[in-house]
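Undergrad: sequence first, then the predicted structure:
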Amino acid sequence: MGERLQKLLDGAESEAESKVTEAQRRAEEMISKARTEAENKRARAQRGHGIDDLIQAEEEKAKKDAAKILKEYRKKADETKKVPEDRFKEAVDLVLKEVLPR
Amino acid sequence: MNEGSIELEAKLIERIVERRNEIVSRAEERAEAILKAAEKDCERIRAESEKQILNIVGSELRAVRDRIVGRSELEGRKLLMEARDEVSSSVFEEVEKRLRQMAEGQDKSINFGEVLIKLIIEAASAMGGDEFIVEANGRDLKYLGENLKQIKARVKKALGEGSIRLDSKPIPTMGGVVIRNNDGTKIYYNTLEGRLKSVRSRIEAEVAKTLGVI
C-alpha cells in the first residue's frame, strides 16, 4: 500500500517536472522564433524590403492630414474673399487719391 | 483489517491524492507563468524590432509624408494667394471703372478738366524745359483745345514759363496726357492707366492691409 502511494507521488513529481520542462522548451522556442523574425525583418528593412505596409500606412495618414490642411486653406481663402463693404470702399478711395493728381 | 485501520488508510490515500494534485497544479501554474513571461519577452522583442525598423525607414517615411503634405500646403497657399489677388484686383478694377466714368464726364463730383490741367503741370514740372507738346485722346484733346488759353496761363503760373502745344493726333488712352519736349528726347507718360499701374505696384501691400487680407 505504502509503495503504491509513494509511486503515485513520484509519478506526480515526474509529471510536474515534465510540464515545467515542456513549458521552458516552448518558451525558449517562442523567444528564439521572435528573435529570428525580428532580425529578418530588420535585415529586410535595411535592404529596403518589406516596408511597403509601413509606407502605405504613412501615405494614408499623410493623405488625411493633407486633406485637413487643404480644407483649412479653402476656408481661409473663402473668408478672405468676404471683405466688408466699408473696407472695400476705403481701399478704393485710397487708390483713387493716389492716382488723381493733387 | 478492522474498521479503524480502514478509515485511516482511506484518509492516507485521500491526503496522498491531494498532495499529488497539488504538485501537478503547482507545476501547471509555473508552466503557465513561464509561457506568459515568454510571450511578454516576444512582445518586447517585436516592439523593439518595429522601433528599429522605423528608425531605419524613418527618412523614407518622412519623405513620403513631406511629399503629400507639402503638395497640399503648396496648393493651399496658392489658393489663399489667389483669393487675396482676386480681392485686391477687384479694388483696382473698381478704381479703373471710376476713373473711366470721371474721364467720360459721368462723375459730376469731379471736374476732369481740372484733373487734366494738373496732370499737364505735374508732367511739365517733372520734365523741366520750356516747350511741351501734349498728347491725349480725342475727347481730352477737344477739351484742351477749347481751354488752351487758360491752360497755358495755369502752366505759366505754376512753372514760371513754358509754352504748350497740342499734338492733334489722338492717342488710345482712357484719359490723361503724354507730354514730350520739342525734339522728343524727353517723354512723360501721365495717362490714367499709367498712373493706376504705377500706383498699383507702389501701394498694393497697403491696399491689401486696408482690405484686411494680409
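TA: Happy to help now that I have it.

Undergrad: what about B:Glu9, distance to chain A?
TA: Counting by C-beta to the nearest C-beta, to the nearest Å, the separation of B:Glu9 from chain A is 7 Å. Heads up, the C-betas are built off the backbone N, CA and C, glycines and all.

Undergrad: give the helix, strand or coil label for B:Glu161.
TA: Here B:Glu161 is recorded as coil under DSSP: H, G, I helix; E, B strand; the rest coil.

Undergrad: mind checking how far the closest residue in space to it that isn't next to it in sequence is from chain A?
TA: Spatial nearest neighbour of B:Glu161, chain neighbours left out: B:Asp130 (5.3 Å); criterion: C-beta to C-beta, 6 or more residues apart in numbering or on different chains. Distance of B:Asp130 to chain A, computed by C-beta to the nearest C-beta: 21 Å.

Undergrad: phi, psi of B:Asp130?
TA: In terms of degrees, to the nearest 10, the main-chain angles of B:Asp130 are phi -130, psi 0.

Undergrad: quick one: list the elements packing against the helix or strand harbouring A:Lys19.
TA: Using DSSP states H and E, A:Lys19 sits in helix A:2-46. Secondary-structure packing of helix A:2-46 (3 or more C-beta pairs under 8 Å, 6 or more residues apart in numbering or on different chains; DSSP states H and E): helix B:3-103.

Undergrad: how distant is the helix it packs on from the center of its chain?
TA: 36 Å (C-alpha atoms, centre = their mean, to the nearest Å).

Undergrad: relative to helix A:2-46, how tilted is that helix?
TA: Angle of helix B:3-103 versus helix A:2-46, following axes from the mean of the first three to the mean of the last three C-alpha atoms, to 10 degrees, is 20 degrees.

Undergrad: centre of the chain to the helix holding A:Lys19, how far?
TA: 34 Å.

Undergrad: so B:Ser168 sits in a strand?
TA: No. B:Ser168: not assigned to a strand; according to three-state DSSP it is coil.

Undergrad: for the nearest residue to it once chain neighbours are set aside, give me the pLDDT.
TA: Nearest residue to B:Ser168, sequence neighbours excluded (C-beta to C-beta, 6+ apart): B:Leu141, at 7.0 Å. Note for B:Leu141: predicted pLDDT of 97.

Undergrad: what sits against B:Leu141?
TA: Going by C-beta atoms under 8 Å, 6 or more residues apart in numbering or on different chains, B:Leu141 touches B:166, B:168, B:170.

Undergrad: now it: how far from chain A?
TA: Taken as C-beta to the nearest C-beta, the span from B:Leu141 to chain A is 18 Å.

Undergrad: average pLDDT across stretch A:81-101?
TA: 97.

Undergrad: how about stretch B:36-52?
TA: 95.

Undergrad: how about stretch A:6-13?
TA: Rounded mean pLDDT across stretch A:6-13 is 90.

Undergrad: circling back to that earlier point, by neighbour count, which of the contacts of B:Leu141 wins?
TA: When neighbours are taken as other C-beta atoms under 10 Å in any protein chain shown, the top entry among the contacts of B:Leu141 is B:Leu166 (17 neighbours).

Undergrad: helix/strand/coil for the closest residue to it other than its chain neighbours?
TA: Closest residue to B:Leu166 apart from its sequence neighbours, by C-beta to C-beta, 6+ apart: B:Val134 at 5.2 Å. State at B:Val134, reduced to three classes by three-state DSSP: strand.

Undergrad: neighbours of B:Val134, how many?
TA: Using other C-beta under 10 Å: B:Val134 sits among 24 other residues.

Undergrad: what about A:Arg102, which SS state?
TA: Taking three-state DSSP, the label given to A:Arg102 is coil.

Undergrad: which helix or strand in chain B has the lowest average pLDDT?
TA: When the helices and strands of chain B are scored by mean pLDDT, DSSP states H and E, helix B:148-159 comes last with a mean of 92.

Undergrad: how far away is A:Asp65 from chain B?
TA: To chain B, A:Asp65 is 6 Å away according to C-beta to the nearest C-beta.

Undergrad: for that residue, give me phi and psi.
TA: Per degrees, to the nearest 10, the backbone of A:Asp65 is at phi -60, psi -40.

Undergrad: domain ranges for chain A, per the record?
TA: Per automatic domain parsing, the structural domains of chain A span A:1-50, A:65-102.

Undergrad: include distance to B:Leu119 and mean neighbour count when you put these into JSON lines, please.
TA: Output for the domains of chain A, formatted as JSON lines (distance: least, C-beta to C-beta, whole Å; neighbours: other C-beta atoms under 10 Å in any protein chain shown):
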{"stretch": "domain A:1-50", "distance to B:Leu119": "70", "mean neighbour count": "14"}
{"stretch": "domain A:65-102", "distance to B:Leu119": "5", "mean neighbour count": "15"}
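
Undergrad: of all those, which one is nearest B:Arg44?
TA: For the domains of chain A, the distance to B:Arg44 is smallest for domain A:1-50, at 8.8 Å, taking C-beta to C-beta.
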